[in-house]
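A.B. asks: Have a look; sequence and predicted model below, questions after that.
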Amino acid sequence: MTSNLKHSKIGIPRAISYYYNFPFYYGFFESLGIEVILSDKTTSKIINTGSQHVVSETCLPIKVYVGHVLNLLEDKNCDTIFVPSIQSTGFKINNCSKIRGLPEIIRNVINKPFTMIEPTLDKTENISFYDFWQHTAEQLGVTDSNKIQTAINAGWAMYNNFMNMTRAGINYEKALENAIKHNFIKKEVEIVKPLSVVIMAHGYNLYDERISMKLIKKLEAMDVKVYTALDIDHKTSLESINALGEIQYWANELELTGTAAYYLLNNKVDGIIALSAFGCGPDSLMVDEITYHCKEYNMPIIHLTIDEHTGEAGFITRLEAFVDMLMRKKRALIAKRPKTIQINNSSLNGENRENNQILANAVK
Ligand code: SF4
């Protein structure tokens, strides 16, 4: 099967589209008999080397991406690297110019000999998902359409397994680890927490623990239940944007406005945390949009911006202050209510009812 391959290994930078799409990538390349080499987890060295290769105004996730490509070339001896150009994922549903132009950025800032596998997905220009993978396979030496379709199916199977686990409440890392081993695991029994928040953020900011400074783990350590884009499906997310009276413009908007809109409209959380890269134009528009609607719904929101200089101490201080405020707000709300209503108010969803029960007990 591997005899006609032009490349037997492919490097995948652990950045940008890796964070949600890796199960698909892995399933696809594994089916074609191509070994996947993943760059290391983000370190200060990766950020620094990436930053040194681009102009300082570039957003942190792109600096990190460049650092991961260099990690594959220099530390993993991998000279074939997958750098897709994901232009649009629907008609006029575009990515930002940096994600669209990733191959051009890499070609222009990294002056080393290597093969870049650079397919384009552009539904606005009728370049379909199948075209994208056919182009990928052809660059690797695979032209048999049956093999390509089988590999696409394998990619979907792994991706859907991953998504089914995350939507069932399995945490990101466990779901990813099990998906690529072809395992499916069930959710453990969960302890109800007194507060809940939703994080609106791109996967490449949130699940890169060096970039997000382990935001999810920090919140969980504060006894806060965390929801993310991985808890809801794309259709629900899109419908929520529309229900707020907005439309999707950016390809990766569902992770931010779609997710925040769903939890806002359903009164499912006590607050919203927006996490974005400093200087990101699309994110600042999306966060402004949600902040506007948070005022309408009296929903607390905090916007945390990150770049390579963001200090952890200040980040934690802001986070703790926000969580303290949410706790005081919730206690005050419960204290104002008659006890019978606090506990039996059927207009609240199940989880908030349980949370209120806990807090009601705490303030007795
Ligand atoms: S959406 Fe923003 S953070 Fe993401 S790559 Fe584009 S500019 Fe950078």
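C.D. replies: Now that the structure is in, tell me what you want to look at. Small disclaimer: the values here were computed from a predicted structure and weren't measured.

A.B. asks: The residue lying closest to Ser145 once chain neighbours are set aside sits in which helix or strand?
C.D. replies: Leaving aside its sequence neighbours, Ser145 sits nearest to Gln134 (Cβ to Cβ, 6 or more residues apart in numbering; 7.6 Å). The way it works is simple: take the backbone N, C-alpha and C, and place the C-beta from them, glycine included. Assigned by DSSP states H and E, Gln134 belongs to helix 129-139.

A.B. asks: which residues touch the next helix or strand after that helix?
C.D. replies: Later in the chain than helix 129-139, the nearest helix or strand by DSSP H and E is helix 145-167. Helix 145-167 has contacts (Cβ atoms under 8 Å, 6 or more residues apart in numbering) with 21, 23-32, 129-130, 133-134, 137, 142, 172, 174-176, 178-180, 182, 184-185, 230-233.

A.B. asks: which parts of helix 145-167 are buried?
C.D. replies: Buried residues in helix 145-167, counted by 16 or more other Cβ atoms under 10 Å: 147-148, 151-152, 154-155, 157-159, 161-163, 165-166.

A.B. asks: And for stretch 35-45?
C.D. replies: Val36, Ile37, Leu38, Ser39, Thr42.

A.B. asks: Please apply the same query to stretch 242-260.
C.D. replies: Going by 16+ other Cβ under 10 Å, stretch 242-260 has these buried residues: 244, 246, 248, 250-260.

A.B. asks: Now do the contacts for the residue positioned nearest the centre of the chain.
C.D. replies: The C-alpha lying nearest the average C-alpha coordinate of the chain belongs to Gly203 (Cα atoms, centre = their mean; 1.4 Å). Contacts for Gly203 (Cβ under 8 Å, 6+ apart) come out as Tyr19, Tyr20, Ala229, Leu230, Glu255.

A.B. asks: among the residues you listed, which ones are buried?
C.D. replies: Neighbour counting by 16+ other Cβ under 10 Å classes Tyr19, Tyr20, Ala229, Leu230, Glu255 among the contacts of Gly203 as buried.

A.B. asks: Which residue comes closest to the second one once chain neighbours are left out?
C.D. replies: If I follow you right, that is Tyr20. Gly203 (4.8 Å).

A.B. asks: what's the pLDDT at that neighbour?
C.D. replies: Looking at Gly203, its pLDDT is 97.

A.B. asks: who's in contact with Leu73?
C.D. replies: Counting by Cβ under 8 Å, 6+ apart, Leu73 touches Gly11, Asp79, Ile81, Ile110, Lys112, Phe114.

A.B. asks: which of the residues in the strand or helix carrying it are buried?
C.D. replies: Per DSSP H and E, Leu73 falls inside helix 60-74. Residues of helix 60-74 classed as buried by neighbour count (16+ other Cβ under 10 Å): 60-73.

A.B. asks: And for stretch 85-101?
C.D. replies: 85-89, 93-96, 98-101.

A.B. asks: can you check stretch 73-85 too?
C.D. replies: For stretch 73-85, burial by neighbour count (16+ other Cβ under 10 Å) applies to Leu73, Cys78, Thr80, Ile81, Phe82, Val83, Pro84, Ser85.

A.B. asks: wait, which of the residues you listed is closest to Leu238?
C.D. replies: Pro84 (22.5 Å; Cβ to Cβ).

A.B. asks: residues in contact with that closest one?
C.D. replies: Applying Cβ under 8 Å, 6+ apart, we find Pro84 in contact with Ser17, Leu102, Pro103, Glu118, Pro119, Thr120, Leu121, Phe132, Thr136.

A.B. asks: where does the closest residue to Gln248 other than its chain neighbours fall, phi/psi-wise?
C.D. replies: Leaving out its chain neighbours, the residue that sits closest to Gln248 by Cβ to Cβ, 6+ apart is Ile241, at 5.5 Å. Main-chain dihedrals, Ile241, degrees, to the nearest 10: phi -60, psi -50.

A.B. asks: Over to Gly11?
C.D. replies: phi -90, psi 140.

A.B. asks: so what's the residue in the stretch 101-250 of the chain that the ligand sits nearest to up against?
C.D. replies: The stretch 101-250 of the chain approaches the ligand most closely through His202 (5.8 Å), counting by Cβ to the nearest ligand atom. Counting by Cβ under 8 Å, 6+ apart, His202 makes contact with Tyr19, Pro61, Asn252, Glu255, Leu256, Ser276, Asp283.

A.B. asks: just checking, the fifth one touches Ala274?
C.D. replies: Yes - taking Cβ atoms under 8 Å as the contact criterion, Leu256 and Ala274 are neighbours in contact, 7.4 Å apart.

A.B. asks: Need the overlap of contacts for these two.
C.D. replies: Shared contacts of Leu256 and Ala274, counting by Cβ under 8 Å, 6+ apart, come down to Met200, Ala201, Asp283, Val287, Ile290.

A.B. asks: Next, count neighbours for the residue lying closest to the second one once chain neighbours are set aside.
C.D. replies: In other words, Ala201. Once flanking residues are discounted, Ala201 sits nearest to Leu275: 3.8 Å by Cβ to Cβ, 6+ apart. Leu275: 23 surrounding residues under other Cβ atoms under 10 Å.

A.B. asks: Okay, Asn111 and Val83: tell me how far apart.
C.D. replies: Plainly put, Asn111 is 15 Å away from Val83 if you go by Cβ to Cβ, to the nearest Å.

A.B. asks: make that Thr120, sorry
C.D. replies: 11 Å.

A.B. asks: how about low-confidence regions in the stretch 1-150 of the chain?
C.D. replies: The stretch 1-150 of the chain contains residues with pLDDT under 70 at 1-3.

A.B. asks: all strands for it, in order.
C.D. replies: Taking DSSP state E, counting those that start in this stretch, the strands of the stretch 1-150 of the chain run over residues 9-12, 35-38, 80-82, 85-90, 93-94, 115-117, 120-122.
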